[in-house]
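> Build me a model:
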Amino acid sequence: MKPENIILRGPEAVLIDFDAARLYNPEQDTDTRILGTTGFAAPEQYSMSQSDSRADIYSVGVLINVMLTGEHPSKKLAAGHLGRVVEHCTRVNPAKRY
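Predicted structure coming up:
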């Protein structure tokens, strides 16, 4: 998820562009191809391991930080409690994310 994939329709936020969407395959160790947008895609989406719903948590963490600071969390982390949430969401190891 990235800002360009969210549109406002009246009072609702709507997700668009599901090109990177895929089904989880427990029989595979890695994804079959690189998925997602650089900066918003989780490390495992670069074929380091099999991606699952925790990849979405990573991208939501980046998105929250961009909404709060205008920057990727690697450049400027949001302050306070939400900064800690972003840090937890964007951990490299998916097992250490929410």
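> Please count neighbours and contacts with C-alpha atoms only from this point.
Noted.
> Closest to the centroid, which residue in this protein?
For the chain, the residue sitting closest to the mean C-alpha position, by C-alpha atoms, centre = their mean, is residue 59 at 1.1 Å.
> My read is that that one contacts residue 43, right?
No: Residue 59 is not in contact with residue 43 according to C-alpha atoms under 8 Å; the separation is 10.3 Å.
> before we move on, back to that, spit out the contact partners of the residue nearest to the centre of the chain.
Going by C-alpha atoms under 8 Å, 6 or more residues apart in numbering, residue 59 touches 1, 2, 40, 41, 42, 90.
> how much space between the closest residue in space to the second one that isn't next to it in sequence and residue 27?
Closest residue in space to residue 2, ignoring its immediate chain neighbours: residue 63 at 5.9 Å, by C-alpha to C-alpha, 6 or more residues apart in numbering. Computed with C-alpha to C-alpha, to the nearest Å, the distance linking residue 63 and residue 27 is 30 Å.
> Give me the more crowded residue out of these two.
Legend: neighbour count by other C-alpha atoms under 10 Å for residue 63 and residue 27, higher for residue 63 (22 against 7).
> how far away is that one from residue 76?
13 Å.
> Also residue 46?
Using C-alpha to C-alpha, residue 46 is found at 23 Å from residue 76.
> Who has more neighbours out of the two?
Counted by other C-alpha under 10 Å, residue 46 and residue 76 do not tie: residue 46 has more neighbours, with 18 against 14.
> Model confidence score at the more buried one, please.
At residue 46, the pLDDT value in this model is 78.
> swap in residue 17?
Value for residue 17, per-residue pLDDT: 73.
> now swap in residue 7 and tell me
89.
> now swap in residue 95 and tell me
pLDDT, residue 95: 95.
> swap in residue 1?
pLDDT recorded at residue 1 is 74.
> Now do the contacts for it.
For residue 1, the contact set (C-alpha under 8 Å, 6+ apart) comprises 40, 41, 56, 59, 60, 63.
> No more questions from me, cheers.
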